[in-house]
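Asker: Kindly generate the corresponding structure for this input.
(2 chains)
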Amino acid sequence: AQSVTQPDIHITVSEGASLELRCNYSYGATPYLFWYVQSPGQGLQLLLKYFSGDTLVQGIKGFEAEFKRSQSSFNLRKPSVHWSDAAEYFCAVGPVTGGGNKLTFGTGTQLKVEL
Amino acid sequence: KAGVTQTPRYLIKTRGQQVTLSCSPISGHRSVSWYQQTPGQGLQFLFEYFSETQRNKGNFPGRFSGRQFSNSRSEMNVSTLELGDSALYLCASADIQGNNEQFFGPGTRLTVL
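Answerer: Predicted coordinates for the structure are as follows:
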C-alpha cells in the first residue's frame, strides 16, 4: 500500500532563513507527487507538482521541490521564508495510471515563522 | 474560472442524525473527490466520482456515501452520525486531463455533538 511520510511535525524558522520540508513516499512505481499548503480554516492550495521530466520543479510563492527517485523523496525548499509562509504543508502522492484521482497525504508539517 | 465551492461551510449536528454536504467543482471538471480531515487521522480519501459514477472508494464505513449529478456537482451523505465524524470535509475537483492535479474547496466543518 502506498504511504507518505513527513517526519517533521513542527518546524520553526526565522523570517529570511531557508526552509526544507522533508517528504518520503512508498509506492509501487513512481507516482505523481504534490505539495499542498493549508492556512488555518482553509482548504488546500497546490504549491507544486511533479509528473515527469526535470526532477527540480518550481512552484508558486517561491517554492521548489526536488524529486529523488533513489531516495523516494520529494523535499520542499524555499531559499528565504516570509512570515506569511506560516501554515501547514502536506506532501501527497497520486497514481500515474489506473488509479483515478485518489491522493494519499502525509501527516503534514506545521511551519512557524519567527519574526 | 470560479473555484471549487462547498456548502455549507459550517454545520452542527447531533449523534444519530444524518447530514448532506454539497460540492460544486470548477467549471469543466468532471472528477470530484472527497476527503476527511481530522487531527488524529489527517487527510483521508473518502471517494471519487467521475461522470456520475463512483470511480474510487476509501476505507470508510457504508454510512458515508456520495453521488454526482449530470452537471458534475456532488453531494456526500453521512448517516447515523457519530462523534468521530466531526471533521473538515474537503472536496476537490480535477480535469480528466489533469494528471491527478486536484483543486480543493474551502471545506465544510462538521461538528457532531
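Asker: For the closest residue to B:T5 other than its chain neighbours, give me its contacts.
Answerer: Distance criterion Cβ to Cβ, 6 or more residues apart in numbering or on different chains; nearest residue to B:T5, sequence neighbours excluded, is B:S24 at 4.6 Å. Where you see a C-beta, it was placed from the backbone N, CA and C, and this is true even at glycine. Going by Cβ atoms under 8 Å, 6 or more residues apart in numbering or on different chains, B:S24 touches B:V4, B:T5, B:Q6, B:R73.
Asker: Close to chain A: what parts of chain B are there?
Answerer: Counting by Cβ under 8 Å from any Cβ of the partner chain, the residues of chain B close to chain A are B:4, B:31, B:33, B:35, B:42-45, B:48, B:50, B:55-56, B:58, B:90, B:92, B:94, B:98-107, B:109.
Asker: Next, the buried residues of the helix or strand of chain B with the lowest mean pLDDT.
Answerer: Ranked by mean pLDDT, DSSP states H and E, the weakest helix or strand in chain B is strand B:53-57, scoring a mean of 90. Residues B:R55, B:N56 are the ones in strand B:53-57 that count as buried (16 or more other Cβ atoms under 10 Å in any protein chain shown).
Asker: which secondary structure elements does it contact?
Answerer: Contacts defined by 3 or more Cβ pairs under 8 Å, 6 or more residues apart in numbering or on different chains; DSSP states H and E place strand B:53-57 against strand B:42-50.
Asker: ok, back up a step: out of the contacts of B:S24, who's nearest A:L47?
Answerer: The closest of the contacts of B:S24 to A:L47 turns out to be B:V4 (Cβ to Cβ; 17.0 Å).
Asker: Double-check that closest one against B:C23; I have them as touching.
Answerer: Yes: the criterion here is Cβ atoms under 8 Å, and B:V4 meets it with B:C23 at 6.7 Å.
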